[in-house]
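In: sequence plus the predicted model coming up.
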Amino acid sequence: METSIIISGFGGQGTLFAGQLLTYAALDYGKHCTWIPSYGPEMRGGTAHCTVIISDEEIGSPLVRYPQAVLAMNLPSLDKYEPLIQPGGVMIINQSLINREVTRTDFTALPIPGNEIAEDLGNSRITNMVMLGALLELVDALPLDVLKTALDGHIPDRNRKYLPLNYQALDTGAAFAREFIQQTA
């Protein structure tokens with residue numbers, strides 16, 4: 001099984017870190033994976049996105065034209081990737097920064113108030129973890145516990161004090177997605 005994921009947003013939203021964390025988790029779990037970051041010259045506020053492929057077998061090409069899953073952190077990301085996501089795919093949409101509905105109906109779209117959830121948990125900088133928790137609940141790429149273990153193993157020392165909050169953000173995002181699944185079933 002191979003899963004292609006694009007995580008996209010503004011610089012400073014943690015899009016690259018979220019993709020890097022997925023990649024570390026996949027490697028630690030014994031999967032094949034690729035991570036390709038892309039960002040503009042601006043550190044914060046410019047466009048940043050990354051492509052992650054997680055596979056049980058060797059990956060032929062790290063390039064993804066039509067992803068199976070997209071984590072859209074802002075409106076430009078939704079606008080760019082909605083036409084490209086595969087039918088049957090999954091798109092997690094940061095409803096906090098996106099003020100329009102998805103027009104396609106051939107994939108699962110989960111609008112989640114990522115920023116508000118992160119702020120309610122106590123830190124707006126964990127929006128990426130809320131969104132990532134929701135993504136892993138809807139996409140069968142990795143178990144959430146594997147991601148938590150990777151986070152513990154790869155988080156910079158200066159941010160270790162935020163580890164419990166990051167776990168809480170992942171769990172809250174996953175719970176939001178589970179509730180969405182129950183409501184739409």
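Out: Right, received. Where do you want to start? Numbers count the residues shown, from 1 in each chain.
In: what's in contact with whichever helix in the chain runs longest?
Out: Using DSSP state H, we find that the single longest helix of the chain is helix 163-184. Here helix 163-184 makes contact (Cβ atoms under 8 Å, 6 or more residues apart in numbering) with 92, 110, 112, 114, 117-118, 121-123, 126-127, 129-138, 144, 147-148, 151-152, 155. Where C-beta positions appear, they are placed from N, C-alpha and C, glycine not excepted.
In: are any of those buried, and which?
Out: Buried members of those, scored by 16 or more other Cβ atoms under 10 Å, are 92, 110, 112, 114, 117-118, 121, 126-127, 129-138, 144, 147-148, 151, 155.
In: of those, which belong to strands?
Out: Among the buried ones among the contacts of helix 163-184, the members found in strands (DSSP state E) are 92, 110, 112.
In: quick check: bridge partners of the first one?
Out: On the basis of DSSP bridges, Ile92 is bridged to Leu71, Leu110.
In: so it sits against Glu137, correct?
Out: No. Using Cβ atoms under 8 Å, Ile92 is not in contact with Glu137, being 9.4 Å away.
In: that older thread, what is the nearest of the ones in strands among the buried ones among the contacts of helix 163-184 to Thr34?
Out: Nearest to Thr34 out of these is Ile92 (Cβ to Cβ; 20.3 Å).
In: return the residues in contact with the closest one.
Out: Residues near Ile92 by Cβ under 8 Å, 6+ apart: 69-72, 110, 112, 131, 134-135, 138, 177.
In: low-confidence stretches in this protein?
Out: Residue ranges of the chain with pLDDT under 70: 40-45.
In: what's the distance between the residue nearest the centre of it and Pro164?
Out: When Cα atoms, centre = their mean is applied to the chain, the residue found nearest the centroid is Leu132 (3.9 Å). The spacing between Leu132 and Pro164, counted by Cβ to Cβ, to the nearest Å, is 16 Å.
In: about what we covered before: ok, the closest residue to the residue nearest to the centre of the chain other than its chain neighbours - contacts?
Out: Using Cβ to Cβ, 6 or more residues apart in numbering and skipping the chain neighbours, the partner closest in space to Leu132 is Ala18 (5.1 Å). When contacts are counted by Cβ under 8 Å, 6+ apart, Ala18 touches 7, 50, 71, 128-129, 131-132.
In: from these, which land in helices?
Out: Mapping the contacts of Ala18 onto helices (DSSP H) picks out 128-129, 131-132.
In: verify the stated contact: Leu21 with His154.
Out: Yes. The criterion here is Cβ under 8 Å, and Leu21 meets it with His154 at 6.7 Å.
In: these two: who's more crowded?
Out: Between Leu21 and His154, Leu21 has the larger neighbour count (other Cβ atoms under 10 Å), namely 25 against 15.
In: what's downstream of the one helix or strand that one maps to, the next helix or strand?
Out: Using DSSP states H and E, Leu21 sits within helix 15-28. Downstream of helix 15-28, the next assigned helix or strand under DSSP H and E is strand 32-39.
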